[in-house]
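1. starting from these lines, generate the structure:
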Amino acid sequence: MTQPLPPLAHDYQALLRLAGPVVLSQFASNALALIATAVIGRLGEAELAAAAYANATYYLLFMMLLGTMLAVSPRVAQAHGATLAAGEGQSAGVALALAGGLRLALLMTVLVLPLIWLGSFWLPHLIPAGIRADLVATYLRVYSLSMLPMLAGIALRGVLEGTGRPAQVTLIALCGVGLAGFLSPALAFGWGPLPRLGLVGAASASVVAAWLMAALLWPAAHRRAGPLSKGADVRAETRQIFRLGWPIGLTLGAEGGMFTVSTLLMAKFGPEVLAAHNLTMQAITAIFMIPLGIASATGVRVGHAAGARDWRSARRAGLVGLSLSVGVMLVFAVLELLAPRSILGVFVNLSDPQNAQMIATATVFLSIAALFQTVDGTQVTLNGALRGLQDTRAPLIVSLIAYWLVGLGLGSALAFGFGYGARGLWYGLTAGLTFAAVALLWRFLRLTGKRSV
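-> Residues are numbered from 1 along each chain as shown. This is a model prediction of the structure:
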């Protein structure tokens, strides 16, 4: 006989307990980037431009590596869920997933980091005029030293979040923010006895913070995972994580590529429009940390239920996460429609007459973003739910169609073919995200419905 599901309020409470610390961790990660930008911006325009170009180059590749590592969390969640269902203690599968994830992080770093260093010496031949190639190359070489701890940190986070201990991740992330908040300006400007290292100092602070967070995550994750079983096939687990993770990496690459290309296309409408576009993206990116955290927590909840082979609970966990994410984003959508200047005022001086036209354009973009970010929150949460089911290849196909065919294709047609201008690009991006949200919802309902029969 089928067991009745617990009250719906129980699911929301469990999700909120898990999602709250994860959302705070996402904000902390975003704060690291904001700190670095604020410090580098005070070094000068040349340094800020060089760091922006280096980061764009680095993260176009790194996001695919990071996405691959995100496969550790659903592997942990399903192993932990199976253990809970069996009434056992620590799961051998969690320890194996941690070992496989750390090995994969090391392998990808060994393969990719030398390529980045070699590529940095070719940058002077590729960088457009006006951007100092020496600063870009130096920043890229120093900042890339954070690759191993950041990738390993995803595996360590996956163990803690996948086993329901996200608060430890949040505390450690806040420690990293505190260190970067002090060390970045201290090394960049030479506080006290410290040397003035400029751009290298800001990059070095990010590297030190990444290594510190990984070092703090390691003992917490190791205790939670437990010892690795004798004879455990770490090589096979590494291959399994890679098979599950590479579609996630390409999905993130496809999405990031869409936004990169749209920014380049936006530049065709002039610097003022481009600045308004970047201002709007900065505002909604900060808000996006909330559904991103909910998506991670939803994936863990779905993974626990899937590990226990409880498909009804898996479906409900996914839909509960979806409803919470959409509800939050609708609240912000109303704020963007009713009080756009209040939101933009967080990032720019509203009283400066030189910003008047940029703010007016950004207000138009923000009205479109009200729908844009609602469907964006929908698709990211469904992606998290599907990762909890260890379904990653179908979402990759959906993302390629949604972002490149629908999003950029329709957006370019509306912007340049039908005369909608910059608004057309935003309409296209919104259409692409809507397509992804609908397709991923159909996929999630189909998988959980078929398995629960």
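2. which residues touch D11?
-> Residues in contact with D11 (CB atoms under 8 Å, 6 or more residues apart in numbering) are 301, 316-317, 320. Just so you know, the C-beta spots here come from the backbone N, C-alpha and C atoms, and that holds for glycine as well.
3. secondary structure element for it?
-> Assigned by DSSP states H and E, D11 belongs to helix 8-43.
4. please convert the buried members of the contacts of D11 into ChimeraX selection syntax.
-> Per 16 or more other CB atoms under 10 Å, the buried members of the contacts of D11 correspond to this ChimeraX selection:
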select :301,316,317,320
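5. farthest pair in the contacts of D11?
-> The most widely separated members of these are R301 and R316, with 9.1 Å between them, by CB to CB.
6. look up how far A214 lies from S323.
-> 35 Å (CB to CB, to the nearest Å).
7. which of the two has more neighbours?
-> A direct count of neighbours by other CB atoms under 10 Å for S323 and A214 places A214 higher, at 24 against 15.
8. relative to L104, how far out is the more buried one?
-> On the measure of CB to CB, A214 and L104 end up 15 Å apart.
9. and I368, by the same measure?
-> 39 Å.
10. nearest residue to the middle of the protein?
-> Among the residues of the chain, the one closest to the centroid is L292, at 6.9 Å (CA atoms, centre = their mean).
11. mind pulling up the pLDDT for that residue?
-> For L292, the pLDDT comes out at 90.
12. could you measure from it over to F365?
-> Distance from L292 to F365, by CB to CB: 21 Å.
13. repeat that for A339.
-> Taken as CB to CB, the span from A339 to F365 is 15 Å.
14. so between those two, which is more surrounded?
-> Neighbour comparison, A339 and F365: the larger count goes to F365, with 25 against 11 (by other CB under 10 Å).
15. where does that one fall, secondary structure wise?
-> Here F365 is assigned to helix 356-388, by DSSP H and E.
16. that helix: how far from the chain's middle?
-> 15 Å (CA atoms, centre = their mean, to the nearest Å).
17. with stretch 134-146 instead?
-> With CA atoms, centre = their mean, you get 22 Å for stretch 134-146.
18. which other residues reach that stretch?
-> Contacts for stretch 134-146 (CB under 8 Å, 6+ apart): 46-47, 50-51, 53-55, 57-58, 113, 116-117, 120-121, 123-124, 127, 199-200, 203-204, 206-207, 210-211.
19. try it again with 7 Å
-> 46-47, 50-51, 53-54, 57-58, 113, 116-117, 120-121, 123, 127, 199-200, 203-204, 206-207, 210 (CB atoms under 7 Å, 6 or more residues apart in numbering).
20. now, which of those lie within helices?
-> 46-47, 50-51, 53-54, 57-58, 113, 116-117, 120, 199-200, 203-204, 206-207, 210 (DSSP state H).
21. so the strand or helix carrying V169 versus helix 8-43, what angle?
-> For V169, the host element (DSSP H and E) is helix 166-189. On the basis of axes from the mean of the first three to the mean of the last three CA atoms, to 10 degrees, helix 166-189 is oriented at 10 degrees to helix 8-43.
22. counting by contacts, list what helix 166-189 packs against.
-> helix 8-43, helix 147-162, helix 199-225 (3 or more CB pairs under 7 Å, 6 or more residues apart in numbering; DSSP states H and E).
23. avg pLDDT for the first one?
-> When pLDDT is averaged along helix 8-43, the result is 83.
24. picking up where we left off before, which one of the helices and strands packed on helix 166-189 is the most hemmed in?
-> Mean neighbour count (mean count of other CB atoms under 10 Å) peaks for helix 147-162 among the helices and strands packed on helix 166-189, with a mean of 26.
25. distance from it to the middle of the chain?
-> The answer for helix 147-162 is 13 Å, by CA atoms, centre = their mean.
26. list the contacts of that helix.
-> 22, 62, 65-66, 69-70, 72-73, 76-77, 80, 94, 98, 101-102, 105-106, 108-109, 113, 166, 168-169, 210-211, 213-214, 217-218, 220-221, 224-225, 296, 300, 303.
27. show me the shaky parts of the stretch 251-400 of the chain.
-> Scanning the stretch 251-400 of the chain for pLDDT under 70 picks out 347.
28. helices of that one, start to end?
-> 271-307, 311-338, 340-344, 356-388, 393-399 (DSSP state H, counting those that start in this stretch).
29. buried set for the shortest one?
-> Of the residues in helix 340-344, those scored as buried under the neighbour-count criterion (16+ other CB under 10 Å) are 340, 343-344.
30. distance check, L84 against V94.
-> L84 sits 11 Å away from V94, going by CB to CB.
31. would you map out the domains in the chain?
-> Split into domains by automatic domain parsing, the chain comes to 19-232, 245-453.
32. mind putting those domains in a markdown table, distance to D11 included?
-> What follows is the domains of the chain, written out as a markdown table (distance: least, CB to CB, whole Å):
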| stretch | distance to D11 |
| --- | --- |
| domain 19-232 | 12 |
| domain 245-453 | 5 |
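33. out of these, which is closest to P6?
-> Going by CB to CB, the one of those nearest P6 is domain 245-453, 8.8 Å.
34. show me what contacts the residue lying closest to V302 once chain neighbours are set aside?
-> Among residues not flanking V302 along the chain, G388 sits closest, at 2.9 Å (CB to CB, 6 or more residues apart in numbering). Counting by CB under 7 Å, 6+ apart, G388 makes contact with 74, 77, 298-300, 302-303, 306.
35. identify the farthest-apart pair in these.
-> T298 and A306 (12.1 Å).
36. more neighbours: these two, which one.
-> T298 (32 against 27).
37. was I right about that one contacting G384?
-> Yes: contact criterion CB atoms under 7 Å: T298 and G384 qualify, at 4.7 Å.
38. which one of the contacts of G388 is nearest to L244?
-> Using CB to CB, the contacts of G388 come closest to L244 at P74, 7.2 Å.
39. so what does the helix or strand containing the closest one touch, helix or strand wise?
-> Counting by DSSP H and E, the element that carries P74 is helix 72-86. Other elements packing on helix 72-86 under the criterion 3+ CB pairs under 7 Å, 6+ apart are helix 92-120, helix 147-162, helix 234-266, helix 271-307, helix 356-388.
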